[in-house]
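[1] Structure for this input, please:
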Amino acid sequence: MKILIVEDDEKLARGLKDGLEKEGFAADIVLNGEAGQLRIEAFHKDYDLVVLDLMLPEKDGLTVLKNIREKNITIPVLVLTARDTTDDIVSGLDKGADDYLSKPFSVKEFFSRVRALLRRPKESLAAEIKTEDLTLNNITKEVFRSNKEIHLTLKEFSLLEFLMRHPDQVMSREQIISNLWDFDFDALSNIVDVHIKNLRKKIDRGYKKKLLETVRGVGYRIRR
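    The predicted model follows:
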């Protein structure tokens, strides 16, 4: 899952980004409303959720929210606000916010709201997906092959889920990076290849049928 944080309090934004990454998410930060709206309009298909502050320089969060909804951008938006009056909250929800969180808030409550919104994707996604004898459960974070549990890191799990949700489709390194790493990630890094190598060892070693395939010069895919 990839999240965009539009928040002008850089210390808070960095704290949220660090916390999200520790939980296995990728997260980007934009520090003003104008740049936030431009990022959402250009790259909303790359993100699963926007965390949007209302009190932003250059363009306030309510305006950003109104503008992206008018362009039929349906990405879930969690509004952060120091305004806790009923009128402000109703105004945000009326303009298209999916949920709101009043400052100050606890990290526990923030993650609770994030997970709740991510359970409401634009399309209904099954919690459990299966390819051949390989099963992944996004709720329990468990992976099994032939009923044998496979222990993955958070990033390996995210990578496997991304590939399994696109079975038989070759996913390029650029597609993988844009979905699983943050916006500033070095696309020339070999980190994808390293994770693929480790993932292949864990899900294919010892099995006659190999599920994770490298298509040279193109990318990777999970075969059904």
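[2] need the helix or strand of this structure with the lowest average pLDDT.
    helix 86-94 (a mean of 70; mean pLDDT, DSSP states H and E).
[3] what's near enough to touch the residue nearest to residue 130 when sequence neighbours are not counted?
    In space, and not counting its chain neighbours, residue 130 is closest to residue 136: 7.6 Å by C-beta to C-beta, 6 or more residues apart in numbering. No exception for glycine: its C-beta is placed from N, CA and C like everyone else's. By C-beta atoms under 8 Å, 6 or more residues apart in numbering, residue 136 lies in contact with 128-130, 142-143, 157, 160-161, 164.
[4] now the residues you listed in a markdown table, with neighbour count, pLDDT and secondary structure?
    Below are these laid out as a markdown table (neighbours: other C-beta atoms under 10 Å; pLDDT from 0 to 100; DSSP: H, G, I helix; E, B strand; the rest coil):
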| residue | neighbour count | pLDDT | secondary structure |
| --- | --- | --- | --- |
| 128 | 11 | 84 | strand |
| 129 | 17 | 88 | strand |
| 130 | 14 | 91 | strand |
| 142 | 15 | 91 | strand |
| 143 | 22 | 95 | strand |
| 157 | 19 | 89 | helix |
| 160 | 25 | 93 | helix |
| 161 | 20 | 91 | helix |
| 164 | 19 | 92 | helix |
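[5] Can you give me the domain boundaries for this structure?
    Domain assignment of the chain by automatic domain parsing yields the ranges 2-118, 128-222.
[6] Deepest-packed of the ones you listed, please.
    Most buried of the domains of the chain, by mean neighbour count (mean count of other C-beta atoms under 10 Å): domain 2-118, with a mean of 17.
[7] Can you get me the start-to-end distance on it?
    10 Å (C-alpha to C-alpha, to the nearest Å).
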